[in-house]
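*Asks:* Requesting a structural model of the entry that follows:
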Amino acid sequence: MATQPSPAFTLEEYLDQEREANSRSEFCAGVIQAKAGATEIHARLAARIVFLMQLKLQDRCRVYGAT
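*Replies:* Numbers count the residues shown, from 1 in each chain. Predicted structure coming up:
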């Protein structure tokens, strides 16, 4: 039977690193990956687009922003 390799990082190591980091990352099964960041302008523009689409489409469908 094959054994699973141990994760590269523990959760505790990830949390220690994340507290000191200048950018954010995510942790999944021992792997740490950088998260894409958005500027304030990008976030405001995206929110405005979702708002305007919802106004235009009204009850025909629902509009969601990215999560």
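*Asks:* got any ranges where this structure has weak pLDDT?
*Replies:* The chain contains residues with pLDDT under 70 at 1-7, 67.
*Asks:* And the strands in it?
*Replies:* In the chain, the strands defined using DSSP state E lie at 25-28, 31-34.
*Asks:* With mean neighbour count and distance to Val50 as new columns, can these be given to me in JSON lines?
*Replies:* In short, each C-beta sits where N, CA and C put it, glycine included. What follows is the strands of the chain, written out as JSON lines (neighbours: other CB atoms under 10 Å; distance: least, CB to CB, whole Å):
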{"stretch": "strand 25-28", "mean neighbour count": "12", "distance to Val50": "23"}
{"stretch": "strand 31-34", "mean neighbour count": "12", "distance to Val50": "25"}
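*Asks:* can you put those strands in a markdown table and add distance to Asp59?
*Replies:* Below are the strands of the chain laid out as a markdown table (distance: least, CB to CB, whole Å):
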| stretch | distance to Asp59 |
| --- | --- |
| strand 25-28 | 36 |
| strand 31-34 | 39 |
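*Asks:* out of these, which comes closest to Met53?
*Replies:* Among those, strand 25-28 comes nearest to Met53, with 27.8 Å by CB to CB.
*Asks:* Return the list of helices and strands in contact with that closest one.
*Replies:* When contacts are defined as 3 or more CB pairs under 8 Å, 6 or more residues apart in numbering; DSSP states H and E, strand 25-28 packs onto helix 11-20, strand 31-34.
*Asks:* These: which one's closest to Phe51?
*Replies:* strand 31-34 (29.2 Å).
*Asks:* Near Gln54, how many other residues are there?
*Replies:* Using other CB atoms under 10 Å, Gln54 is surrounded by 14 other residues.
*Asks:* residues in contact with it?
*Replies:* Residues near Gln54 by CB atoms under 8 Å, 6 or more residues apart in numbering: 62-63.
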